[in-house]
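Q: Give me the fold of what follows.
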Amino acid sequence: MEKLKRLFILKNIKMLRFLFFIFFGSMILTVGNAQNPAMYYGDESLPARPFSKDPYVIFFQQKYWMYYSTPDALKKEWHIGIATSTDLVHWDKVGDIYGLKGTVEEKGICAPGALIKDGVLHLFYQTYGNGKSDAICHATSKDGINFTRNTTNPIFHPTESDWSCGRAIDAEVVSYKNNYFLYFATRDTSYKIQQQGVALTALNSNFNKESWSEVPNMPMLKPTLPWEKNCIEAASCIQKGKYLYMFYAGAYNNEPQQIGVAKSKDGIHWERISEEPFLKNGNAGTWNESESGHPHILKTKEGKYFLFFQGNKDKGKSWYISKVEIGWKNGRPYLKSQKANS
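A: Numbers count the residues shown, from 1 in each chain. All right, here's what the predicted structure looks like:
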């Protein structure tokens with residue numbers, strides 16, 4: 001009888017050990033998945049990678065194209081990487097766009113934005129490395145890889161004034177209320193505060209330099225909330241109902257940068273939908289611990305909404321791009337999942 005009791009206890013101990021290892025293993029898997037979302041794209045084509053920032057995703061020629069910023073091996077000269085996908089999760093790099101030597105682009109280009117007009121892909125991007133002289137440029141493509149530069153580049157920068165040093169970065173061009181709106185970030189005259197401005201052109205525009213009209217009485221959005229610190233940049237806009245919604249980055253990189261949302265009826269005057277970040281940086285130990293930043297909002301051909309963004313956990317030694325799915329309720333966006341693995 002005593003022997004049977006010992007056998008029974010031994011079997012129970014083995015079962016408890018087995019259940020413990022199953023539970024512990026599932027916890028490790030869960031943590032791993034939280035740190036490594038399903039879409040976890042980093043450009044690894046050169047040393048000092050993975051390094052991918054400033055995503056912009058667009059549907060063109062029956063697949064999704066992602067344009068993003070990426071540097072050379074020394075992280076000094078920036079250019080634009082190109083990747084394609086059919087499922088918005090798995091991406092294949094298909095090319096690069098480099099700044100044209102002998103032009104305002106030769107020190108580098110980055111922060112792409114795009115739109116399709118008459119079957120042609122229009123790319124808007126900024127020069128890099130020129131300080132207060134950085135400005136917005138434009139190029140076109142019929143295949144998504146090979147681009148023809150606008151001969152009037154740079155096509156836009158704000159007039160140096162009491163609110164702006166004259167710099168323009170992070171272009172976002174959207175069609176709204178019978179115009180194209182060019183949203184851009186600029187620094188104040190002290191070169192400390194990053195804030196938002198806008199310029200307009202007609203729907204039949206060729207996007208040349210002379211076609212843009214700067215909207216007066218700027219900035220239209222500047223940092224005022226504690227988490228925004230000294231920076232609002234990287235506007236990404238989408239129309240939903242009677243409003244234009246702007247997803248924007250608050251605070252400079254890794255402070256941490258987080259994502260907020262504002263809405264507007266006219267594309268010029270904006271109100272925040274919350275005083276809290278819409279998408280925060282991740283918890284300690286997660287892949288986006290250092291920030292969740294530089295957003296791009298996409299409506300897919302199936303009608304779903306995804307917010308793409310950059311993140312890292314090492315204060316910018318690496319950068320990855322991921323996404324979360326967005327829903328809408330009562331005229332407000334919400335995160336369908338708190339995990340960045342949609």
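Q: tell me which element the residue most central in space within the chain falls in.
A: The centre of the chain sits closest to residue 295, judged by Cα atoms, centre = their mean, with a distance of 3.1 Å. Element membership of residue 295 [criterion: DSSP states H and E] is strand 291-299.
Q: buried stuff in that strand?
A: By 16 or more other Cβ atoms under 10 Å, the buried positions in strand 291-299 come out as 291, 292, 293, 294, 295, 296, 297, 298. Using the backbone N, CA and C atoms, a C-beta is placed for each residue, glycine as well.
Q: and if you look at stretch 165-184?
A: 165-174, 179-184.
Q: Stretch 321-338 too?
A: Buried-residue list, stretch 321-338, by 16+ other Cβ under 10 Å: 321, 322, 323, 324, 325, 326, 333, 335.
Q: do stretch 211-220 as well
A: 211, 212, 214, 215, 218, 219, 220.
Q: who's in contact with residue 196?
A: 183-186, 218-222, 232-233, 235, 248 (Cβ atoms under 8 Å, 6 or more residues apart in numbering).
Q: roughly how far apart are residue 35 and residue 183?
A: 33 Å (Cβ to Cβ, to the nearest Å).
Q: any idea how far residue 93 is from residue 85?
A: The value you get for residue 93 to residue 85, if Cβ to Cβ is used, is 11 Å.
Q: Could you do residue 59 as well?
A: From residue 59 to residue 85 the distance is 10 Å (Cβ to Cβ).
Q: now do residue 132
A: 37 Å.
Q: repeat for residue 285
A: 28 Å.
Q: And for residue 170?
A: 23 Å.
Q: Run through the bridge partners of residue 169.
A: residue 185 (DSSP bridges).
Q: Backbone dihedrals for the nearest residue to residue 79 once chain neighbours are set aside, please?
A: Closest residue to residue 79 apart from its sequence neighbours, by Cβ to Cβ, 6 or more residues apart in numbering: residue 98 at 4.6 Å. The phi and psi values for residue 98, taken as degrees, to the nearest 10, are phi -110, psi 150.
Q: Kindly report the same for residue 227.
A: Per degrees, to the nearest 10, the backbone of residue 227 is at phi -70, psi -20.
Q: and what of the one 10 residues further on?
A: In this entry, residue 237 is assigned phi and psi values of phi -120, psi 150 (degrees, to the nearest 10).
Q: and it, what does it touch?
A: Contacts for residue 237 (Cβ under 8 Å, 6+ apart) come out as 172, 174, 176, 181, 183, 244, 245, 246, 247, 267, 297.
Q: Save those residues as TSV, and put in distance to residue 68 too.
A: Listed next are the contacts of residue 237 as TSV, based on distance: Cβ to Cβ, whole Å:
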residue	distance to residue 68
172	15
174	19
176	25
181	22
183	18
244	24
245	22
246	20
247	16
267	26
297	15
